[in-house]
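Visitor: Test case, fold it:
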Amino acid sequence: MLGGSVYHVFDMPSKMRGADHKTEMLSVRVTRLVRDAVVAAAQADGLDVSEWLRSLIVGELRKRGALPDLNCSSVDGMVDRVER
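Guide: Below is the predicted model of the structure:
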């Protein structure tokens with residue numbers, strides 16, 4: 001499906017929730033070409049795909065002012081590495 005994206009948000013059990021815990025998931029459909037480019041870019045930055053995508057999402061949300069300025073030190077380093 002070119003040009004279309006599917007997003008799914010999964011709710012994790014409440015006992016796993018916490019300020020620094022990553023409990024929510026997003027699922028996105030992309031073409032093989034996009035997937036291969038994401039994998040290559042993540043590897044080039046020394047990150048796994050999940051970390052790489054998370055850093056892009058957080059970085060973009062911060063640029064837009066859509067993400068509160070939280071203490072996200074675990075993501076900050078990744079955002080810096082991907083945005084260099």
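Visitor: Start from the N-terminal end of this structure and give the strands.
Guide: Secondary structure of the chain, counting by DSSP state E: strands at 8-10, 25-27.
Visitor: rank those by pLDDT, which is bottom?
Guide: Lowest mean pLDDT within the strands of the chain: strand 8-10, at a mean of 47.
Visitor: Settle this for me: Ser55 is touching Asp48, isn't it.
Guide: No: applying C-beta atoms under 8 Å, one finds Ser55 not in contact with Asp48, separated by 10.9 Å. All C-beta atoms are positioned from the backbone trio N, CA, C, and that covers glycine.
Visitor: Neighbour count: the two, which is higher?
Guide: Neighbours per residue (other C-beta atoms under 10 Å) separate Ser55 from Asp48, with Ser55 holding more: 22 against 12.
Visitor: gap between the more buried one and Arg32?
Guide: Distance, Ser55 to Arg32, using C-beta to C-beta, to the nearest Å: 23 Å.
Visitor: Check Pro68 too.
Guide: Distance, Pro68 to Arg32, by C-beta to C-beta: 36 Å.
Visitor: what do you get for Ala66?
Guide: Going from Ala66 to Arg32 by C-beta to C-beta gives 30 Å.
Visitor: buried stuff in the lengthiest helix in the chain?
Guide: Determined from DSSP state H, the single longest helix within the chain is helix 49-63. Of the residues in helix 49-63, Glu51, Trp52, Leu53, Arg54, Ser55, Leu56, Val58, Gly59, Arg62 count as buried by neighbour count, 16 or more other C-beta atoms under 10 Å.
Visitor: CSV for those residues, including distance to Ala44 and pLDDT?
Guide: CSV is the format used below for these (distance: C-beta to C-beta, whole Å; pLDDT from 0 to 100):
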residue, distance to Ala44, pLDDT
Glu51, 13, 96
Trp52, 9, 97
Leu53, 14, 97
Arg54, 16, 95
Ser55, 13, 95
Leu56, 14, 96
Val58, 19, 94
Gly59, 17, 93
Arg62, 22, 93
